[in-house]
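Enquirer: What follows is a predicted protein model with its sequence.
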Amino acid sequence: MKRLALCLAAALLAGPALAGEPISPRFNADPSPHAFKGGYYLYATDDASNSGKYWDSTTWRLYTSKDLKTWKDGGAFLGVSVFKWAKPDAKAWAPEAAYRDGKYYFYAPVGGDKIGVAVADRPEGPFVDAIGAPLVDKARDANAGAEPIDPQVLIDDDGQAYMLFGTRVPKIVKLGKDMKSLAGPIQDIAVTGFPTDDPKKKYGEAPFLHKRKGLYYFSFSTGWPGQIVYATSKTPLGPYAYRGVIFDYLKISTNHQAILQDKGRTWFFYHDKLLPGGGDHRRSIAIEPLTHGPDGTIIEVKPKAAGR
């Protein structure tokens, strides 16, 4: 098994990653991919530094690429210690990033009950705490939900930025033009039309919003384990109508996706048990192309990795 792991790691370092294969020989999860500065930046949870028994890492990791095939590990570029209001051992979970007006913003779920925001002049940092306090705080903010985690940001065509987050009940809130303040109340996202014959079809976590041809696509995980499903609306705040499955159940307890649109193509990022020794707490990020049907439906993504 050790020899297999070394061989796989060497192969990954020697050549470009293919669809369905891990982007790195290091465990990572919860992808947040972006096209910044003529390249690709992927912010991730660092599964290699957790205990292996829980998602308890305290740092986030950065990967960069010029072609979405060969990825360079940029290391642990940020830790929860950047937020002086956070406990030193607070959990660093699924992150998000955004760019606006020459600044890069990093949205960081800290400890499972707060979301911090850091800012930098470059996508790789260095990042500093943007406001000296949580952007969202379960103990402070009305309707923050049971766990304000899994932040994701969409800047709409009119310039309004929205942040989604939350487990069990999806949340959405407008961000201020400064990208580091809330510009309205935290609202629930309503999803209608779940199949009545499948009690597992419900919102769990990993909210993600993207826009295509004037239609808003809200994708998310249905639970633990969960499928990645999606719903659509003509407005970002919803309500959203359930449309179908994007990605089926995995043989691990979590399913977390991100969708990247760039240069006329769309890519689906996810994590799975892909490396030797992998599992619920040792996940690996991979990429697949995502396509739409003529009517705008998303064609279910079928992972191409060997043995699946």
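Expert: It's in.
Enquirer: Run through the bridge partners of residue 41.
Expert: With DSSP bridges as the criterion, the beta-bridge partners of residue 41 are residue 34, residue 64.
Enquirer: hang on, it packs against residue 124?
Expert: Yes: Residue 41 sits in contact with residue 124 when judged by CB atoms under 8 Å, with a separation of 7.3 Å. Where you see a C-beta, it was placed from the backbone N, CA and C, and this is true even at glycine.
Enquirer: What residues does residue 179 make contact with?
Expert: Shown in contact with residue 179 (CB atoms under 8 Å, 6 or more residues apart in numbering): 98, 100, 103, 105, 117, 119, 153, 161.
Enquirer: a helix runs through it, doesn't it?
Expert: No: remark: residue 179 does not belong to a helix; assigned using DSSP: H, G, I helix; E, B strand; the rest coil, it is coil.
Enquirer: Need the pLDDT of it.
Expert: pLDDT, the model's per-residue confidence, is 98 for residue 179.
Enquirer: ok, now how distant is it from residue 119?
Expert: Going from residue 179 to residue 119 by CB to CB, to the nearest Å gives 8 Å.
Enquirer: what about the closest residue to residue 233 other than its chain neighbours, how many neighbours?
Expert: With CB to CB, 6 or more residues apart in numbering as the measure, residue 240 is the residue that lies nearest to residue 233, at 4.5 Å, once sequence neighbours are left out. Per other CB atoms under 10 Å, the neighbour tally for residue 240 reads 24.
Enquirer: How about the backbone phi and psi for residue 240?
Expert: As for residue 240, its main-chain torsions (degrees, to the nearest 10) stand at phi -110, psi 140.
Enquirer: Pull the contacting residues for it.
Expert: If you count contacts by CB under 8 Å, 6+ apart, then residue 240 has 189-192, 216, 218, 231-233 around it.
Enquirer: If it is in a bridge, with which residues?
Expert: What pairs with residue 240, by the bridge criterion (DSSP bridges), is residue 191.
Enquirer: That one and residue 211, how far apart?
Expert: In this structure, residue 240 lies at 13 Å from residue 211, with CB to CB as the measure.
Enquirer: With residue 272 instead?
Expert: Here the distance between residue 272 and residue 211 works out to 26 Å (CB to CB).
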